[in-house]
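Asker: Turn this into a model:
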Amino acid sequence: MEGLPARLSHTTIAEVMMPHMGNVLGNVHGGVLLGMIDRVGAVSAIRHARRVCVTVSVDRVDFREPIHLGELVTMEASVNYVHRTSLEVGVRVVAENLLTGVKRHTNSCYLTYVAIDENGRPVPVPPLIPETVEEKRRHRDAAARRARRIAEVDEKERRG
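Answerer: Have a look, this model is predicted:
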């Protein structure tokens, strides 16, 4: 299977945070952000795999600071790493006050997707070709995260 450059998976979405997206404090509800993160991540995975991809896991998500209603939220996603049937996608979230132009990086996270066939079974995906220095760094870091996740699962299974 021929590999594909990481740049082909790059996906950006942006949306103004409206009142129905708020929590009781007047900030954007975390669940709204998680849904957006999963959608942009899935599009990135599907762009690479050219298959339906389902979410397998979301790495730790820390909300570094609140996003306020009325702000523009921009999410950028790209595939960082591909194994046989799985893909790690990184998502970066930025909030922008449209009146002042001030932008804040509010959080980032990594999601793992698996490409599936028409019967819901995992299928191989094209290898990833990281081209830039940044893409190569992300690829190395993602490989290390994958190794840690596998070690954690193995440790949990060993403990029973």
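Asker: so where is the protein shaky, pLDDT-wise?
Answerer: By pLDDT under 70, the chain has no low-scoring segment.
Asker: hey, where'd the strands end up in it?
Answerer: 4-5, 11-16, 52-58, 72-82, 86-96, 103-116, 128-129 (DSSP state E).
Asker: so can I have TSV of those showing mean neighbour count?
Answerer: Yep, even glycine has a C-beta here, placed from its N, CA and C like the rest. Shown next, in TSV, are these (neighbours: other CB atoms under 10 Å):
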stretch	mean neighbour count
strand 4-5	17
strand 11-16	15
strand 52-58	16
strand 72-82	22
strand 86-96	22
strand 103-116	20
strand 128-129	20
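Asker: which one of these lies closest to residue 26?
Answerer: Among the strands of the chain, strand 86-96 comes nearest to residue 26, with 13.9 Å by CB to CB.
Asker: The closest one - which strands sit beside it in the sheet, and in what orientation?
Answerer: When pairs are called by DSSP bridges, strand 86-96 turns out to pair with strand 72-82 (antiparallel), strand 103-116 (antiparallel).
Asker: That one relative to strand 52-58, how many degrees between them?
Answerer: Per axes from the mean of the first three to the mean of the last three CA atoms, to 10 degrees, the angle that strand 86-96 makes with strand 52-58 is 70 degrees.
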